[in-house]
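**Q** let's see this in three dimensions:
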Amino acid sequence: MATVTWNNDNSTGVWNDADNWDTDSVPTSGDDVVFDATSTDNCTCDVAIDVASLTVAAGYSGKLDFGDSSYAHSIGGDATFDGSGEVDLGDATITCSGDWDCEDQTTWTRGTSTVELDGDTKVCSSNYKAFKNLIISGSYSSNLDQINAYGDITISGSFSSNRLVRCYTGTVSITGSLTITGSDLIVSSNATLQNVSGTVSVDAVVLDNDTTLNATGTLDSNYEFLAESGNRTCTLGAGTRTFTGNVTIDDEGATYTIDNSANPILVFLGDLTLTSTGTLNWTSGSGAIDFDGSNDQTLTVAAGFTDELDWLRIRKDVSTAKVTLAGDVSTVKFRGFSGRFDLNGNTMTSAGDVQASPPFQFHNGVDYDQSDGVIDIDGGTLILKGTAGTNLYIDDLDFDVAAGVTDDISYCNVTGSTATTVDGDLQAHTSTDGGGNSGWNFVVATSELEDSFFVILLTG
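**A** Purely as a prediction, here's the structure:
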């Protein structure tokens with residue numbers, strides 16, 4: 001292994017000229033290449049380079065140009081850029097198997113290049129404009145500065161940091177491992193979060209401004225959907241995605257649209273918070289919003305947000321786990337499969353069917369009292385059905401039922417409920433009148449009438 005230093009003695013300014021190196025030979029894969037004050041002339045890579053290491057020292061004030069897309073360069077060890085001039089990555093692909101350090105390079109031009117880091121237990125130290133496309137296929141860490149890519153970020157190996165990682169305009173794919181301690185993964189400005197099938201451990205995954213979420217499956221960590229200014233849209237692709245942490249959607253005073261027209265299924269295991277100080281829009285499709293898992297959850301809806309959420313479903317893994325509503329909410333339709341739902345004195349408006357049956361219950365976690373919560377149903381069918389062994393409890397839960405809505409109600413225990421209807425009282429079959437009700441008609445089942453008639457005959 002030899003150290004080869006740039007001297008440009010032949011004054012051609014190109015890499016592939018033996019006379020431009022102090023050994024009078026073009027560097028090879030066993031050579032450590034150095035650019036320093038020996039010559040500050042510019043150097044352009046006119047060939048794919050393959051070297052043991054590359055150092056641009058502080059005394060080099062020239063320009064190192066990696067050339068065009070026809071070149072795939074290989075640096076078998078460390079790449080260190082500390083020059084006072086310029087490093088231009090051009091359109092090339094550069095693979096580095098050692099430490100990558102461009103923190104102190106004075107002028108850095110990323111071009112449309114791709115940098116792949118494939119070393120084992122190495123360090124990446126970058127300035128904030130370091131990369132166009134970044135591939136981490138090895139094992140790397142970084143604790144100095146944030147990592148920014150203005151194209152794609154692909155992590156098939158492992159990367160750990162205590163500073164944020166941000167992708168502008170490109171695509172993020174994580175099939176390996178990403179760990180950020182105390183900071184975020186930010187997908188921003190027309191970027192797409194495509195794949196997070198690997199391990200992601202960060203404070204939050206932030207989708208900022210105009211973005212697309214195509215990743216499906218399990219999405220670990222908290223998620224934040226933000227619009228900083230203007231008129232922004234986050235498009236959610238088709239498929240099922242399960243958010244294991246808390247999810248916040250905030251227009252931040254701007255106009256922000258969550259586009260669900262591709263009909264995704266959104267499964268939440270943590271809280272969902274819709275925050276609006278500007279205009280928050282929700283484009284609903286034929287997908288669904290599921291509250292799932294074994295923990296208690298809260299659905300918080302900002303005052304003034306009136307767009308209809310997709311089909312809202314409560315399907316908790318544990319029958320005693322509940323979802324608490326904070327603020328009024330509108331939905332395409334509602335279904336309670338399992339667990340508990342506490343309207344907490346708020347109103348849920350449904351454009352279509354409202355359906356509930358045990359093991360689901362309207363329940364505040366202490367008793368069945370819903371504290372004057374209201375279900376406003378504007379179309380479809382109101383389906384409230386217990387079973388012969390397990391009633392569905394309606395306690396201090398009011399109903400506002402539009403014209404044309406049909407009802408299918410049986411095996412319910414109804415107490416303190418006001419039903420405001422256009423087409424006549426709600427018809428509760430084989431149900432219990434707990435008192436304090438208005439707008440309900442408790443219909444005795446045919447078998448009960450027959451039993452009563454038989455008793456009359458016997459005692460008559």
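**Q** what part of this structure, helix or strand, is modelled with the least confidence?
**A** With mean pLDDT, DSSP states H and E as the measure, the helix or strand of the chain carrying the lowest mean pLDDT is helix 446-459 (a mean of 43).
**Q** could you count how many residues lie near the closest residue to G439 other than its chain neighbours?
**A** Distances taken as CB to CB, 6 or more residues apart in numbering put A419 closest to G439, at 3.2 Å, once the chain neighbours are dropped. C-beta coordinates here come from the backbone N, C-alpha and C atoms, glycine included. Around A419 sit 24 other residues, with neighbours defined as other CB atoms under 10 Å.
**Q** repeat that for the one 5 residues further on.
**A** Other residues lying near G424 total 11 when counted by other CB under 10 Å.
**Q** give the full set of residues in contact with it.
**A** Shown here is G424, whose contacts under the criterion CB atoms under 8 Å, 6 or more residues apart in numbering are N441.
**Q** pLDDT score assigned to it?
**A** At G424, the predicted lDDT confidence score is 91.
**Q** rewinding a little: who's in contact with the residue nearest to G439?
**A** A419 makes contact with D398, F399, V401, D425, L426, N437, S438, G439, W440, according to CB under 8 Å, 6+ apart.
**Q** and E308, by the same measure?
**A** Residues touching E308, when contacts are defined by CB under 8 Å, 6+ apart, comprise W282, S284, S330, T331, V332, A351.
**Q** on that earlier part again, in strands, which of the contacts of A419 fall?
**A** D398, F399, V401, L426, W440 (DSSP state E).
**Q** now these: which count as buried?
**A** Listed as buried from the ones in strands among the contacts of A419 are D398, F399, V401, L426, W440; burial here means 16 or more other CB atoms under 10 Å.
**Q** could those residues go into JSON lines alongside distance to I409?
**A** Putting these into JSON lines (distance: CB to CB, whole Å) gives the following:
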{"residue": "D398", "distance to I409": "15"}
{"residue": "F399", "distance to I409": "10"}
{"residue": "V401", "distance to I409": "11"}
{"residue": "L426", "distance to I409": "6"}
{"residue": "W440", "distance to I409": "9"}
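**Q** let me know the closest of those residues to T240.
**A** Taking CB to CB as the measure, F399 is the one of these closest to T240, at 31.6 Å.
**Q** is that closest one in a bridge, and if so with what?
**A** Applying DSSP bridges to F399 gives these bridge partners: I375, A419.
**Q** looking at it, it is touching I377, isn't it?
**A** Yes: with the criterion set as CB atoms under 8 Å, F399 and I377 qualify as a contacting pair; they are 7.0 Å apart.
**Q** for the closest residue to N195 other than its chain neighbours, what are its contacts?
**A** Across the structure, with CB to CB, 6+ apart as the measure, the residue nearest N195 apart from its sequence neighbours is S173 (4.2 Å). S173 is in contact with D152, I153, T154, I155, Q194, N195, counting by CB under 8 Å, 6+ apart.
**Q** so how far is D396 from the last one?
**A** Read that as N195. Using CB to CB, to the nearest Å, we find N195 at a distance of 47 Å from D396.
**Q** after the helix or strand encompassing the residue nearest to N195 comes which helix or strand?
**A** When secondary structure is defined by DSSP states H and E, S173 falls within strand 171-174. Beyond strand 171-174 on the C-terminal side, the first helix or strand identified by DSSP H and E is strand 177-180.
**Q** from the contacts of E308, which land in strands?
**A** Filtering those for membership in strands, criterion DSSP E, returns W282, S330, T331.
**Q** for those, which single residue is the most surrounded?
**A** Ranked by neighbour count under the definition other CB under 10 Å, those are headed by T331 with 22 neighbours.
**Q** quick one: it and R313 touch, right?
**A** No: here T331 lies out of contact with R313, judged by CB under 8 Å, at a distance of 9.5 Å.
**Q** who touches both of those two?
**A** Taking CB under 8 Å, 6+ apart as the criterion, T331 and R313 both touch I289.
**Q** one step back: which one of the contacts of A419 is nearest T381?
**A** Compare each of those with T381 using CB to CB and the shortest gap goes to V401, at 10.4 Å.
**Q** from what I can see G327 touches T306, true?
**A** No: look at G327 against T306 with CB under 8 Å: they stay out of range, at 11.0 Å.
**Q** between those two, which is the more surrounded one?
**A** With neighbours defined as other CB under 10 Å, G327 and T306 compare such that G327 has more, 17 against 13.
**Q** count the residues that sit near S286.
**A** One way to gauge burial is a neighbour count; for S286, by other CB under 10 Å, it gives 11.
**Q** if you could redo that for H363, that was the one I meant.
**A** Neighbour tally, H363, other CB under 10 Å: 19.
**Q** once you drop chain neighbours, what's closest to it?
**A** Nearest-residue entry for H363: R340, 3.8 Å, with adjacent residues in sequence omitted and distances by CB to CB, 6+ apart.
**Q** and for D353?
**A** The shortest distance from D353 to any residue that is not its chain neighbour, by CB to CB, 6+ apart, is 3.8 Å, and that residue is G380.
**Q** and the one you found, how close does it get to L312?
**A** When CB to CB is applied, the distance between G380 and L312 equals 13 Å.
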